[in-house]
Each structure stands twice: as structure tokens, then as C-alpha cells.
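A.B. asks: kindly return the folded structure for what I paste below:
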Amino acid sequence: MEELLAAASDLMAERGYEATTMAEIAVRAGAKIGSLYRFFPNKEAVADALVQRHIAILEDEYAALARRAATLSPDALADVLIELLVTLHPRVKSLSALMEARTDKMEIRDRARRHAVTGIAAALRVCAPGLDDILAADIATVILNIMKIFRSMIAKEAPTTPDAPDELRRMNRLYLSDRLAPFRPSQVT
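C.D. replies: Model (predicted):
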């Protein structure tokens, strides 16, 4: 079943949800079509399983990030968030295609965004304990959008230059440092 889901994720990331067929998933996984249908009666069931898997991965990663955030400066947290995106993308690469293509895409997109914003906001509140929930969610939303732009730049899906991703990292650090500083415990020097 893992090989089938991995093949489906790869194909949907490459070709999109609509263009991916059950037969192609089976071929990519090196399985017989009957094996695929034994686990998943249709492509919608495959997509649902992928979404559940992706959400679980995101929840685990954001929980781990929140545990680390107390030891991170805002600059370090900004870098960790970008690295998290870079390392997570290969594991949840079909989530974007699934969010864009399915008939219930708004529910899936909203669910994925809620998980991401909640996870990032939790890390922000650990790093800056005085930060309230509403502002943490607002900052997390901005950070999530910066992360999406960064991923697009790295994938060459957005206009970029060789040094532009580094500039975006710098902007992310400056933004988080500025926004979190008033809510962090006083540093003893």
C-alpha cells in the first residue's frame, strides 16, 4: 500500500490529480491494477488517503518544531521554518495538486492551511511567550505565504535570480525578529 501511495503522490505532483489514472498509479508502483483496487476502490479514495497522510506528517513536524522553538532565536526560528518547508515538500508534494484539483478543494486547502497556521503559530508562541493567539495566527499566515514563495522560487515556478532565495530568507529573519522581539523574555546580558 505504501508503494501505491508513493506512486500516486509522485504522479499527482507531476501531472495533477485529474490527469493521473488508476492504471498509471499501478504501473508506477510496479503493481497489478487489481492490487490497487483492493486497497482503493477509486482515485478519490487514493486522494483521501494521501491527504490524511500529508496532514499527519505536517502535524508531527509542527509539533516537533514547537518543542524546539523555546531554544531558538527569532532568526533561527525563521531559518528552521524555511528548512522545514524544504524538507517537508518531497514528503507532501502531491498536497498542492490535490488541493487545487479536487471538487472539495476548498475544504482540503482550508484544512491544510489551518494545520500549517496552527503549527507555525504554536512555535511562535513558544519562541515568544507573550504573543497572543490572534497575532500569532496573523504572523503564521504571513510566514506560511513567505514559505510558499520560497518553495516556488527554489522550484523555479516563480520569477527569481540566483540570490533571490537568500534575500527572501533575510526578509523572513528580519520580519520574525521585529514581530517577536516585544513578546520575548528579557535577555540577561
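A.B. asks: using PDB, write out the CA atom coordinates for the lowest-mean-pLDDT helix or strand in the chain.
C.D. replies: Lowest on mean pLDDT, DSSP states H and E among the helices and strands of the chain sits helix 94-101, with a mean of 77. Provided in PDB are the C-alpha atoms of helix 94-101 (Å, rounded to 0.1, in the frame of the first residue of the first chain):
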ATOM      1  CA  SER A  94       1.100  16.000  -4.000                       C
ATOM      2  CA  LEU A  95      -0.800  18.000  -1.500                       C
ATOM      3  CA  SER A  96      -0.700  21.100  -3.700                       C
ATOM      4  CA  ALA A  97      -2.100  19.200  -6.700                       C
ATOM      5  CA  LEU A  98      -4.800  17.600  -4.500                       C
ATOM      6  CA  MET A  99      -5.800  21.000  -3.000                       C
ATOM      7  CA  GLU A 100      -6.100  22.500  -6.500                       C
ATOM      8  CA  ALA A 101      -7.900  19.800  -8.300                       C
END
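A.B. asks: buried ones in it?
C.D. replies: Within helix 94-101, the residues that qualify as buried are Ser94, Leu95, Ser96, Ala97, Leu98, Met99, Ala101, counting by 16 or more other Cβ atoms under 10 Å. Placement of C-beta: from N, CA and C, glycine included.
A.B. asks: can you redo those residues as a markdown table with distance to Arg114?
C.D. replies: Formatted as a markdown table, these follow (distance: Cβ to Cβ, whole Å):
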| residue | distance to Arg114 |
| --- | --- |
| Ser94 | 19 |
| Leu95 | 13 |
| Ser96 | 16 |
| Ala97 | 19 |
| Leu98 | 16 |
| Met99 | 12 |
| Ala101 | 20 |
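A.B. asks: much appreciated, bye for now.
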